[in-house]
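Undergrad: sequence first, then the predicted structure:
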Amino acid sequence: MRPLPRESAASYLTRLAAAYHLSAAQLLDGLHITATGTPAAPPATEIHLSNEAARRLSDFTRIPPAHLARALPRRPPPAAIGTAHAAAARWQPAPPALQPLPACTTCTIRRSPHQAHPAWVHPAPDLPRIMICTRHQQAASDPRHPTPLDIRPVPELTRTHLGVRRRPTATSLTWASTITTRWYDHHQHLHERWHTRLSRLTTANPHIPPGPASPTLTCRNLITYPETLTLAAALDHCPRALTHAPSTAPSSTTWPTA
């Protein structure tokens with residue numbers, strides 16, 4: 001079983017173990033990898049592997065170590081794990097800001113021939129915190145959603161994602177995300193398009209949990225995605241705007257066309 005691109009290690013181990021009707025802890029034990037910490041289902045928990053543990057996983061899956069390392073993003077492991085010569089692993093809670101997002105279900109099924117177990121992936125670092133599969137029209141923006149969302153009723157999300165010819169710089173993306181988030185949180189009544197997107201998303205996805213956080217919050221990054229990328233591109237063309245950026249986001253109602 002191959003991992004999805006940028007799939008969390010905990011997600012991949014859980015899916016791999018499920019294919020053999022095992023728990024992740026049982027799989028690690030079978031590979032003679034000593035695990036510490038409390039195992040839990042992703043996205044709330046991540047697992048860190050020592051180099052020897054990663055090598056054993058590579059041998060078991062018959063995936064070359066370099067390929068496995070590229071697929072599974074390696075977060076900085078605890079010192080005791082990163083320097084260990086033995087096959088060691090540690091389960092650790094993942095902070096909400098670093099939790100992976102639910103992966104496209106169709107892509108997951110194609111990578112899971114034995115059992116369609118949910119997969120969790122980390123978003124690309126050079127785009128807003130979202131996962132978009134343009135091929136299967138699914139997206140995710142918050143780990144509190146148990147499954148990705150159907151975005152067919154919001155075609156501008158796919159058009160925007162496919163239209164990105166050049167990734168925005170990290171600085172412009174950070175500023176653009178800050179500004180659109182502030183507009184969304186404090187001036188949402190000023191723009192009807194966001195209300196329309198939210199309504200279409202919630203209608204097409206009745207499985208969105210109503211609480212404790214409402215869809216207005218958990219869908220925010222998706223709803224503002226076209227404007228965030230448009231604004232980031234504009235900031236990249238106006239570097240002086242970044243060096244003279246105001247301390248608070250503007251409240252202008254003039255919008256660039258996405």
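TA: Looks like it arrived, so ask away. Note that the structure is a prediction, hence the values are computed from the model and not measured. Residues are numbered from 1 along each chain as shown.
Undergrad: okay, and for the stretch 51-200 of the chain, where does confidence drop off?
TA: 73-84, 112-116, 188-190 (pLDDT under 70).
Undergrad: now the strands for it?
TA: Under the criterion DSSP state E, counting those that start in this stretch, the stretch 51-200 of the chain contains strands at 88-93, 101-102, 120-121, 131-133, 138-140, 149-150.
Undergrad: which among those strands is found nearest to H48?
TA: Evaluated over the strands of the stretch 51-200 of the chain, closeness to H48 peaks at strand 88-93, with 5.1 Å, by CB to CB. No exception for glycine: its C-beta is placed from N, CA and C like everyone else's.
Undergrad: ok, back up a step: most tightly surrounded among the strands of the stretch 51-200 of the chain?
TA: Of all the strands of the stretch 51-200 of the chain, strand 120-121 carries the top mean neighbour count, a mean of 28, counting by mean count of other CB atoms under 10 Å.
Undergrad: what does it contact?
TA: Outside strand 120-121, the residues that touch it by CB atoms under 8 Å, 6 or more residues apart in numbering are 4-8, 10-11, 42-43, 99-103, 131, 143.
Undergrad: just the buried members of these?
TA: Using 16 or more other CB atoms under 10 Å as the burial test, those include 4, 6-8, 10-11, 42-43, 99-103, 131, 143 as buried.
Undergrad: for the residues you listed, which one is nearest L49?
TA: Of the buried ones among the contacts of strand 120-121, the one sitting nearest to L49 (CB to CB) turns out to be A10, at 10.3 Å.
Undergrad: quick check: what element follows the host helix or strand of that closest one along the chain?
TA: Secondary structure assignment for A10, by DSSP states H and E: helix 9-19. Going down the chain from helix 9-19, the next helix or strand is helix 24-30, by DSSP H and E.
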